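Visitor: Show me how the following folds:
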Amino acid sequence: MLIANLYTQDGCTDASVCNYTGLSSTYCACNYKPDATQDDGSCFYPTSLNCYNDFDSDGFYNESQKYYTCDTFSCFELGETWSDDPGYGLDGVPTPPVIPEVQAVSSNEEIILMWDNKAESSIDPFTGYSDFEGYRIYRSNDGGQTWGKSWNRIYDYSGNHVAWKPFAQFDLIEESDSLHCVYSNGYLGESGELCYSNAIPYNALPDSLYNKENVKIDLVDSLVYLPNYIRGSCPIGQEHISHTSSFAHQVDCFSAGNITSFDPMASWISLGDNDSLKRVFVDTDVLDGVPYTYAVTAFDIGMQSFNVEHLSTASKENS
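Guide: Okay, here's the model as predicted:
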């Protein structure tokens with residue numbers, strides 16, 4: 001006689017997934033429970049990890065491997081020459097703004113997050129830009145193993161899981177973006193603020209700029225500082241990279257401020273919708289007694305690596 005189980009058992013019941021054991025390239029749930037009778041929404045999946053092997057220590061990786069893991073795993077476990085740094089052989093690489101320090105206060109059915117503003121003064125060591133743009137907030141219901149549901153995953157064009165959709169996101173409004181100094185955390189015109197460039201050699205200054213207002217000349221070091229270096233526009237008449245005459249001056253010559261909706265080198269990552277900057281977030285979608293894990297990160301405007309101009313190489317005879 002078959003006796004049916006009258007008791008429900010909660011768990012991950014997705015039949016399209018399988019048990020997960022150890023390192024593997026198989027994409028499946030970490031906590032599939034075959035004897036569960038009722039799905040409790042707890043399914044979570046391995047996160048991807050790219051590992052690089054620079055066995056000749058020349059700064060460029062020789063081979064790479066990709067893993068999916070449910071547990072904490074370090075690339076160094078593969079060997080002392082392995083790491084998660086691709087090592088492009090550059091003296092410096094672009095870095096994100098500093099991580100904010102966060103405080104959390106809980107009360108009846110709400111959690112208040114507060115963080116500092118240190119990230120807003122970050123200077124990218126590779127470009128020298130003050131390129132802070134905003135904050136992202138992530139929330140986890142499983143202690144940080146996942147940061148959302150399966151539909152909150154963000155994939156690149158190769159189908160790799162590269163990020164999670166933020167629980168909330170705040171960024172500079174359009175006006176603040178357009179007036180933000182390129183090389184300092186300031187805004188043109190705010191309390192008389194001027195946006196000076198990195199210094200250029202005295203002998204590189206065009207004659208037409210010697211007597212311009214607010215131009216600073218350091219005679220000791222033979223350097224010149226020029227104002228009005230703001231995001232989103234060339235400093236017309238000042239020193240900037242050469243470009244064709246048809247190149248619009250509304251486009252930033254320094255690739256440092258033509259703020260778009262998505263990262264210029266990773267278009268699957270949103271840079272916000274000009275929602276305005278905030279340093280406080282109140283989460284009211286919570287239940288008393290349920291633990292939640294939060295992460296607050298800062299992001300910058302991204303960087304455009306190069307421009308491509310298409311030239312026709314077809315001869316007239318082939319046209």
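Visitor: Distance check, Cys43 against Thr293.
Guide: Between Cys43 and Thr293 the distance is 17 Å, computed by CB to CB, to the nearest Å. Any C-beta I mention is one placed from the backbone N, CA and C, and that applies to glycine too.
Visitor: which of the two has more neighbours?
Guide: Residue environment comparison for Cys43 versus Thr293 gives the larger neighbour count to Cys43, 20 against 13, counting by other CB atoms under 10 Å.
Visitor: wait, isn't that one in contact with Ala36?
Guide: No - contact between Cys43 and Ala36 fails when scored by CB atoms under 8 Å: they sit 10.2 Å apart.
Visitor: and for those two, which residues touch both?
Guide: Contact criterion CB atoms under 8 Å, 6 or more residues apart in numbering; residues bridging Cys43 and Ala36 by contacting each: Cys12.
Visitor: Ala168: neighbour count?
Guide: Here the count is done by other CB under 10 Å, and Ala168 has 16 residues near it.
Visitor: Contact partners for the closest residue to it other than its chain neighbours?
Guide: Sequence neighbours aside, Ile137 is the residue nearest to Ala168 in space, at 4.3 Å (criterion: CB to CB, 6 or more residues apart in numbering). When contacts are counted by CB under 8 Å, 6+ apart, Ile137 touches 113, 166-169, 281, 294-296.
Visitor: Report the secondary structure state of Ile137.
Guide: strand (DSSP: H, G, I helix; E, B strand; the rest coil).
Visitor: can you pull the contacts of Arg279?
Guide: Remark: with contacts taken as CB under 8 Å, 6+ apart, Arg279 is in contact with 114-117, 135.
Visitor: Next one: it relative to Glu110, how far apart?
Guide: Applying CB to CB, the value for Arg279 to Glu110 is 17 Å.
Visitor: and what of Asn214?
Guide: Asn214 sits 48 Å away from Glu110, taking CB to CB as the criterion.
Visitor: Neighbour count: those two, which is higher?
Guide: Glu110 (13 against 10).
Visitor: Write down the beta-bridge partners of the closest residue to Trp147 other than its chain neighbours, one by one.
Guide: Distance criterion CB to CB, 6+ apart; nearest residue to Trp147, sequence neighbours excluded, is Trp164 at 4.0 Å. Applying DSSP bridges to Trp164 gives these bridge partners: Arg153.
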